[in-house]
Every structure is written in C-alpha cells, then in structure tokens.
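Undergrad: following is a predicted model, sequence given first.
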Amino acid sequence: MRVDNRLTDGVPMRPLACDRCAAQVLVRKSSRQQTSVQWNSGATALCAEREVAGPAFEGCGSLRDTIREATSRGTIELADGGGETGGPGRQLM
C-alpha cells in the first residue's frame, strides 16, 4: 500500500460557501495555478450554474470568483506560500 502524502505540507482543505448560491465545498489552493475543490451532495444540489449546465457542467464561475476573492483576503491560503494574485495577468481559480 502506498501512503498518500499529497497534503503533508500543512495546508488542509477549507470549507468555503459560494457567494452566489451558498453551496459549501471544501477548497485547497496548492498554488496560484492549482485548486482542489471537493463537492458534496448538498453543494451539488445548491449550485445554480451546475443546475443550468446539466451534464455539460465544467465548473462554476461564481465559485471560481469566490475562491479568487477568498485567496486574495487570505481566507484560503496558498500551500506554496505564493501569497496573493500578484496583479494583472495572473489568474487564480
């Protein structure tokens, strides 16, 4: 059995509610470019964008904006210690 050590850097997944629909997911930012989002059945049922997209759902723009804002405020920290977005041209999930 292989030990899963992907989250050993001390930054756990954090609960975060979408500013648009209040769907609460677990979020972890490993870096500016990498975001992990764990959905549960309650969040799936509440997500307004997921409902509209149906099977074609590829991600929630409102949740992406909420995560970006939470990262800028420091509510969601970057595991790589990269700090905030860093200005124009840099996009956080």
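TA: Nice, thanks for sending it over. Everything quoted here is computed from the prediction, not taken from an experiment.
Undergrad: just say helix, strand or coil for Val52.
TA: helix (DSSP: H, G, I helix; E, B strand; the rest coil).
Undergrad: please apply the same query to Gly10.
TA: coil.
Undergrad: grab the nearest non-local neighbour of it.
TA: Leaving aside its sequence neighbours, Gly10 sits nearest to Ala79 (CB to CB, 6 or more residues apart in numbering; 7.8 Å). Placement of C-beta: from N, CA and C, glycine included.
Undergrad: quick check: the one you found touching Val11?
TA: Yes: using CB atoms under 8 Å as the test, Ala79 is close enough to Val11 to be in contact (4.0 Å).
Undergrad: what about Glu77, neighbour count?
TA: A count of neighbours around Glu77, defined by other CB atoms under 10 Å, yields 17.
Undergrad: what do you get for Gly54?
TA: 7.
Undergrad: over to Cys18?
TA: Residues near Cys18, counting by other CB under 10 Å, number 21.
Undergrad: my guess is Leu46 contacts Cys21. True?
TA: Yes: between Leu46 and Cys21 there is a contact under CB under 8 Å: 5.2 Å.
Undergrad: circling back: quick one: the residue nearest to Gly10 from Ser62, how far?
TA: 24 Å (CB to CB, to the nearest Å).
Undergrad: now do Glu77
TA: For Glu77, the distance to Ser62 (CB to CB) stands at 21 Å.
Undergrad: can I assume Gly42 is in contact with Val25?
TA: No: between Gly42 and Val25 there is no contact, the gap being 9.4 Å when judged by CB under 8 Å.
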